[in-house]
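1. When you get a sec, could you give me coordinates for this:
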Amino acid sequence: MRFLRIFLIENTVSRADNLRKKLSQIETIRFSVTTSIVKDTEETFKDVADQIDVILFGEKVRSSRIVELAKLFRSNNTVIPIFLLTNQSEARVQRKYRIAGVDDTLNISEIETPLFPWTFTSTVEHAVLKKKAKEYDALNDRLRKINESLASFMHDMNNPISVIRLAMYHLDNPELPHDKRETFLKILVTNVEKLDIHMQDLRNIRRQLSNKKSPTAKILSLKNPLLLSAMH
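-> A predicted model of the protein is given here:
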């Protein structure tokens with residue numbers, strides 16, 4: 001039996017409880033529903049963000065609050081699918097909702113029909129795969145830029161290395177005049193500092209790539225059970 005964790009946002013406790021009851025009666029999918037009244041959503045989401053698979057807005061939630069909250073969720077880099085419940089058949093996601101980060105709509109009248117479990121899970125899996133595809137494209141673009149940066153670093157490092165070699169060659173001459181020696185020593189120090197700056201840039205890139213909380217690490221993660229089930 002499939003298992004999905006839903007974060008349900010509603011206007012009233014009674015509406016949330018009613019919807020939770022309907023979902024619990026579905027036999028082919030087991031739902032774990034965390035409910036939140038609109039005004040408490042921001043605080044509640046902080047506590048459950050890593051424990052949910054789907055965000056679901058009730059049909060009576062004001063459009064302005066849907067847009068506001070969807071933007072908030074996306075600003076936290078969440079890739080969790082966001083859906084709206086509606087009483088309209090085959091409703092399309094309005095542009096203002098798409099821009100805010102909403103993925104799709106679900107017809108509330110279908111919840112009590114045998115078709116809903118299949119519709120719901122397939123819609124969720126499609127949304128997850130679509131977002132992952134976009135993120136992999138973003139990752140490829142980022143890696144391309146990193147590769148270009150590394151090539152640029154290597155080119156920029158060749159210059160000071162060549163200068164350092166030249167300075168060391170002259171400094172190795174015991175007959176080099178004192179003023180010339182001072183000049184080459186200053187050149188040596190200056191170019192070593194340049195190399196140190198380049199090395200710090202490389203260390204920063206390495207730190208970003210190895211940071212498990214970075215966007216790149218999140219994109220590379222395939223632990224989402226919905227994604228894994230959709231890929232098999």
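2. any idea how far F3 is from Q208?
-> Q208 sits 34 Å away from F3 when distances are taken as Cβ to Cβ, to the nearest Å. For every residue, glycine as well, the C-beta is placed using N, CA and C.
3. My error: substitute L23 in the last question.
-> 12 Å.
4. Kindly report the same for R30.
-> From R30 over to F3 (counting by Cβ to Cβ), the distance is 5 Å.
5. Settle it for me: which of those two has more neighbours?
-> Regarding R30 and F3, a neighbour count based on other Cβ atoms under 10 Å identifies R30 as having more, with 13 against 10.
6. does I9 sit in a helix or strand, and which one?
-> Assigned by DSSP states H and E, I9 falls within strand 2-10.
7. Kindly apply the preceding question to L185 instead.
-> According to DSSP H and E, L185 maps onto helix 178-210.
8. give the contact list for I9.
-> 35-38, 41, 55-58, 61, 69 (Cβ atoms under 8 Å, 6 or more residues apart in numbering).
9. Compare the residues you listed and tell me which has the most neighbours.
-> Counting neighbours by other Cβ under 10 Å, the top entry in those is F57, with 27 neighbours.
10. N173 versus R181, what's the distance?
-> Here the distance between R181 and N173 works out to 9 Å (Cβ to Cβ).
11. Looking at those two now, which is surrounded by more residues?
-> Of the pair R181 and N173, R181 is the one with more neighbours under other Cβ under 10 Å, namely 14 against 11.
12. pretty sure the more buried one contacts L171?
-> Yes - because the distance of 6.4 Å satisfies Cβ atoms under 8 Å, R181 is recorded as touching L171.
13. All the helices of the protein, residue numbers only.
-> For the chain, the helices defined by DSSP state H cover 13-24, 41-48, 63-75, 95-100, 115-171, 178-210, 215-220, 225-231.
14. Make JSON lines out of the ones you listed and add mean pLDDT and distance to L84.
-> Below are the helices of the chain laid out as JSON lines (pLDDT from 0 to 100; distance: least, Cβ to Cβ, whole Å):
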{"stretch": "helix 13-24", "mean pLDDT": "86", "distance to L84": "13"}
{"stretch": "helix 41-48", "mean pLDDT": "89", "distance to L84": "14"}
{"stretch": "helix 63-75", "mean pLDDT": "92", "distance to L84": "7"}
{"stretch": "helix 95-100", "mean pLDDT": "90", "distance to L84": "7"}
{"stretch": "helix 115-171", "mean pLDDT": "80", "distance to L84": "11"}
{"stretch": "helix 178-210", "mean pLDDT": "84", "distance to L84": "35"}
{"stretch": "helix 215-220", "mean pLDDT": "50", "distance to L84": "25"}
{"stretch": "helix 225-231", "mean pLDDT": "42", "distance to L84": "19"}
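15. If anything else comes up later, I'll come back, but that's it for now.
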